[in-house]
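Visitor: got a sequence here, can you build the structure:
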Amino acid sequence: MNIKIALYTQCETFANKRLQTVQEIITSNQKALQSETKSSAGDKHETGRAMLQLEMEKAGQQLQGVLQMKETLDKIDITKTSTIAHLGSIVKTDKASYFLSISAGKLIVDDQDYFAVSVSSPIGKTLLGMKEKEELLFNGKEIKILTIS
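Guide: Now for the predicted structure:
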C-alpha cells in the first residue's frame, strides 16, 4: 500500500505543478494584454494582441487538461485492491510496472520504475479490466501481467 500512496502523491504533485505553471502563464498573458497600448504602429499592435489571445486560448485548454487530471485523481481510491485492473491499480507486467491514474510519465518509488498512465491512453485502455496472469498483445509485443494491486 505504501507504494500506491507514494505513486498517488507523486501524481498529485505533478498535477499541482502543471496547474501552477498554467496559472502563471495565464496571469502573465493577462498582464501583457493589459499593458498592450495603442501605438502608432496599429497593425503591429493588433498582431501582438491576436498572438496573446491565442496564447490565452492555449493556456485555457491546458488548464482544462490539468483540471481533468485533478478530477481523475479525486476518483482514485488508493485503499481499493482488486485482481482486475482499474483506475488506481498498480499493474506489474514482465515488461514494466504501471500505475493506472493520469499521464504523469515515469515515477520512481523505492528505486523501482513505474509509469503513471491515463486509462484513456492506449496502454491504459489495454490494461483496464485485465486480470493477473493474463497475457496481451500491445504494439506487437506480448506482455504478461504478473500482479495487480
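
Visitor: helix, strand, or coil at the spatially most central residue of the chain?
Guide: By Cα atoms, centre = their mean, the chain has its centre lying nearest to Ser103, at 3.2 Å. Here Ser103 is coil, with the state taken from DSSP: H, G, I helix; E, B strand; the rest coil.

Visitor: got phi/psi on it?
Guide: phi -80, psi 90 (degrees, to the nearest 10).

Visitor: is it true that it touches Val117?
Guide: Yes. Look at Ser103 against Val117 with Cβ atoms under 8 Å: they come within range, at 6.1 Å. All C-beta atoms are positioned from the backbone trio N, CA, C, and that covers glycine.

Visitor: which residues does Ile108 contact?
Guide: Neighbour list for Ile108: Tyr114 [criterion: Cβ atoms under 8 Å, 6 or more residues apart in numbering].

Visitor: scratch that, Glu55
Guide: Taking Cβ under 8 Å, 6+ apart, we find Glu55 in contact with 25, 29.

Visitor: show me how far the helix or strand it falls within is from its chain's centre.
Guide: For Glu55, the host element (DSSP states H and E) is helix 42-75. Chain-centre distance of helix 42-75: 17 Å, with Cα atoms, centre = their mean, to the nearest Å.

Visitor: and for stretch 110-119?
Guide: Centre to centre, stretch against its chain (Cα atoms, centre = their mean), the figure for stretch 110-119 is 12 Å.

Visitor: buried residues, it. List them.
Guide: 114-119 (16 or more other Cβ atoms under 10 Å).
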